[in-house]
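J.: Make a model of this:
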Amino acid sequence: MTNSAAVPAEVNPKRWAILAVLVTSLVVVILDNTILNVALKTIQLALSATQSELIWAINSYVLVFAALLFTWGVLGDRYGRKKILIIGLVLFGLASALSAFSTSPEMLIITRGLMGIGAASVLPVTLAIITVVFPPYERGKAIGFWAGAVGASVALGPIVAGLLLGRFWWGSVFLINVPVVILGVIGILWLVPESNNPNPGKLDPLGVLLSVVGLIALVYGIVHAGDSGEWLSLESLGSILAGVAILSLFVWLEYKSDHATLDLALFKIKSFSVPLFATTLTFAAMSGSLLFLAFYQQVVRGLTPLQAGIQTLPVAVGQLLAAPNSARLVAKFGFRKVVISGLVITTLAFGLFTLLTPDTATWQMLIIFFILGYGLGNTIAPSTAQMTMSIPTERSGAGSAVQNTVRQVGAALGVAAISTLVATIYSSQMNSALMNAAISLPGNATKEVTDSIGAAFGAAEGLTQSGLISAPVANQIQELAIASYMTSFHTAVIVGAVIVLIALVVMAWKMPKVTTNAAWGQSETTSKPIDL
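T.: Model (predicted):
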């Protein structure tokens, strides 16, 4: 594939200020998800929420976010990306304020869903605007900053949450979004130029509807299966099959349509489809495997949320160092070589996680976290840039939405599948450990301690306080829970390493050698063929 886009006669002099505004809008959305994960225990106590209600406070956001990414991208291309971004941010800000003052779990679930509706506009539209305001020779670098901000936000979330919860009430984790959104909207109104597809064609409302309904059904089934562990239940499997069927109908109608919402030709372009497949696998591995790192830090090692967040800061540092610089490396060594090296480094980090023990030195963990961040920075950023630059500028919103939607579905599938595996292994290990130790527990206590490591610690403390077991037995239960959890955690990161390794093989095997001119940090006059 040859990128022949010419450098604009006039380059937007405010483009880097525009990027700062876009990144600010992006960061507030990404931060919100990781902040909530840390605040769940506090919210549960404040609203008297059940575990199921807490899960749906997360899932209501995930469902609509994944389902509407594509729709927002299409609307941005058609009606104006600046306009759609402002609408999405305003909705996100208003819903954040409502979430902050929720008086019941049900209200929080609804307002979180509203937040997801607004947030879904930000990823595809900000990425599309970057392709408009930056000349071809700077897009790779600009998208590198964009991708680096995503990774850094994930790592910074727990730190922000710890600082807020240490000084304010639980609603502050949502209310903090409001002033950032206001600043973002002001910056967008002031700096960002309007852009859209000048020839959008006829609107395809049926296609948009089918994409939304199909994605909701698919993601709901995946999330429910992961939460319940019942993949073959009617609610889980039925929803997944319904989602697949509806999305298949959507693809068939798009193939037949003269005014398709989704350009299926994109998937025939290997410089788009191969990085999409590889990064989707990477997202699945990251989301599924490293979800359990938080339990290792906070339960096994006894860290506070703030301490755990600070400990993972090297992930953000690694990504911030690697992602913006990845365009320069691609210009020098080629896309395929850079991404393969990133996947090798990421696989190495997953492998090193298998060496963690309850007593691993902190400095060793910091090194592993940095290696992980550096590997991801050299994988996600150049892949995102390559996919974005494979899309015609006038359809950049829809194209960007496709890659983000597929990644979100991959992440949900990774979480669900690996969560089920971890829960099964932990339960089996813990049951065997209790039998071997000849520990007999009253009532439903055995079910509790074999459910999760958090439940095991809580049950052991509760049984001790009620006088049903002695303190030494409680300590023994907690030690057995740690050993069982470490086995399941190591399995999770091994699975993650295998998934990333598959992505590496696909990238090395299927990514074609193509030629580009100016997209990776060279001016139009000095550009040369680059082995992508």
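J.: mind giving me the domain split of this structure?
T.: The record's domain split for the chain, according to automatic domain parsing, is 14-203, 426-484.
J.: could I get the ones you listed as a markdown table with distance to residue 321 and mean neighbour count?
T.: Heads up, the C-betas are built off the backbone N, CA and C, glycines and all. Converted to a markdown table, these look like this (distance: least, CB to CB, whole Å; neighbours: other CB atoms under 10 Å):
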| stretch | distance to residue 321 | mean neighbour count |
| --- | --- | --- |
| domain 14-203 | 8 | 21 |
| domain 426-484 | 33 | 17 |
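J.: could I get these as JSON lines with mean pLDDT and distance to residue 286?
T.: Converted to JSON lines, the domains of the chain look like this (pLDDT from 0 to 100; distance: least, CB to CB, whole Å):
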{"stretch": "domain 14-203", "mean pLDDT": "85", "distance to residue 286": "9"}
{"stretch": "domain 426-484", "mean pLDDT": "84", "distance to residue 286": "20"}
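J.: who wins for proximity to residue 412 among those domains?
T.: Within the domains of the chain, the stretch nearest residue 412 is domain 14-203; the backing value is 6.6 Å (CB to CB).
J.: Span of the closest one from start to end?
T.: Taking CA to CA, to the nearest Å, the first and last residues of domain 14-203 lie 33 Å apart.
J.: what comes into contact with the helix or strand harbouring residue 179?
T.: Taking DSSP states H and E as the criterion, residue 179 maps to helix 177-191. Outside helix 177-191, the residues that touch it by CB atoms under 8 Å, 6 or more residues apart in numbering are 14, 17-18, 20-21, 24-25, 27-28, 32, 82, 85-86, 89-90, 92-93, 96-97.
J.: With distance to residue 357 added, can I get the domains of the chain in TSV?
T.: What follows is these, written out as TSV (distance: least, CB to CB, whole Å):
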stretch	distance to residue 357
domain 14-203	22
domain 426-484	10
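J.: wait, which of the ones you listed is closest to residue 306?
T.: That would be domain 14-203 among the domains of the chain, by CB to CB, at 2.7 Å.
J.: Leaving out the residues flanking it, which one is nearest to residue 21?
T.: Using CB to CB, 6 or more residues apart in numbering and skipping residues adjacent in sequence, the residue nearest residue 21 is residue 187, 3.6 Å away.
J.: one step back: what's the closest of the domains of the chain to residue 313?
T.: Taking these one by one with CB to CB, domain 14-203 is closest: 6.0 Å.
J.: Pull the distance from the closest one to the chain's centre.
T.: 12 Å (CA atoms, centre = their mean, to the nearest Å).
J.: Residue ranges in the stretch 301-450 of the chain under the pLDDT threshold?
T.: 393-398 (pLDDT under 70).
J.: what are the ranges of the helices in it?
T.: Secondary structure of the stretch 301-450 of the chain (DSSP state H, counting those that start in this stretch): helices at 305-311, 313-322, 326-333, 335-353, 362-377, 380-389, 396-436, 445-449.
J.: swap in the stretch 51-200 of the chain?
T.: 51-79, 81-100, 105-119, 122-133, 136-165, 172-175, 177-191.
J.: Run through the neighbouring helices and strands of the longest one.
T.: Using 3 or more CB pairs under 8 Å, 6 or more residues apart in numbering; DSSP states H and E as the contact criterion, the secondary-structure elements in contact with helix 136-165 are helix 15-47, helix 122-133, helix 172-175, helix 305-311, helix 313-322, helix 326-333, helix 362-377, helix 380-389.
J.: in what helix or strand does the residue of the chain positioned farthest from its centre lie?
T.: Residue farthest from the centre of the chain, counting by CA atoms, centre = their mean, is residue 467 at 43.9 Å. If you go by DSSP H and E, residue 467 is not part of any helix or strand.
J.: Around the nearest residue to residue 158 once chain neighbours are set aside, how many other residues sit close by?
T.: Spatial nearest neighbour of residue 158, chain neighbours left out: residue 309 (2.9 Å); criterion: CB to CB, 6+ apart. Residues lying near residue 309 (other CB atoms under 10 Å) number 25.
J.: Next up, the contacts around residue 309.
T.: Residue 309 touches 38, 155, 156, 157, 158, 159, 160, 161, 162, counting by CB under 8 Å, 6+ apart.
J.: for those, which one is nearest residue 76?
T.: Out of the contacts of residue 309, the member with the shortest distance to residue 76 (by CB to CB) is residue 157, at 25.9 Å.
J.: measure that closest one to residue 119 for me?
T.: 14 Å (CB to CB, to the nearest Å).
J.: Need the residues touching each of those two.
T.: Common neighbours of residue 157 and residue 119 (CB under 8 Å, 6+ apart) are residue 32.
J.: tell me how far the ends of stretch 284-299 are from each other?
T.: 24 Å.
J.: any residues touching it, and which ones?
T.: Taking CB under 8 Å, 6+ apart as the rule, stretch 284-299 contacts 37, 158, 303-305, 307-308, 311-312, 350, 353, 356, 376, 410-419, 422, 453-454, 457, 482, 485-486, 488-489, 492-493, 495-497, 499-500, 503.
J.: One more pass at 7 Å, please.
T.: Here stretch 284-299 makes contact (CB atoms under 7 Å, 6 or more residues apart in numbering) with 303, 305, 308, 311, 350, 356, 410-411, 413-415, 417-418, 422, 453-454, 457, 485, 489, 492-493, 495-496, 499-500.
J.: which of these are buried?
T.: 303, 305, 308, 311, 350, 356, 410-411, 413-415, 417-418, 422, 453, 457, 485, 489, 492-493, 495-496, 499-500 (16 or more other CB atoms under 10 Å).
J.: So what's the residue count around residue 291?
T.: Neighbours of residue 291 using other CB under 10 Å come to 18.
J.: so is it in a helix, a strand, or just coil?
T.: Under the three-state scheme (DSSP: H, G, I helix; E, B strand; the rest coil), residue 291 adopts helix.
J.: which of the helices of the stretch 301-450 of the chain sits most buried?
T.: helix 380-389 (a mean of 28; mean count of other CB atoms under 10 Å).
J.: who does it touch, helix- and strand-wise?
T.: Here helix 380-389 touches helix 136-165, helix 270-289, helix 326-333, helix 335-353, helix 396-436, going by 3 or more CB pairs under 7 Å, 6 or more residues apart in numbering; DSSP states H and E.
J.: need the ones you listed in TSV with distance to residue 73, can you?
T.: Shown next, in TSV, are the helices and strands packed on helix 380-389 (distance: least, CB to CB, whole Å):
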stretch	distance to residue 73
helix 136-165	15
helix 270-289	15
helix 326-333	23
helix 335-353	24
helix 396-436	3
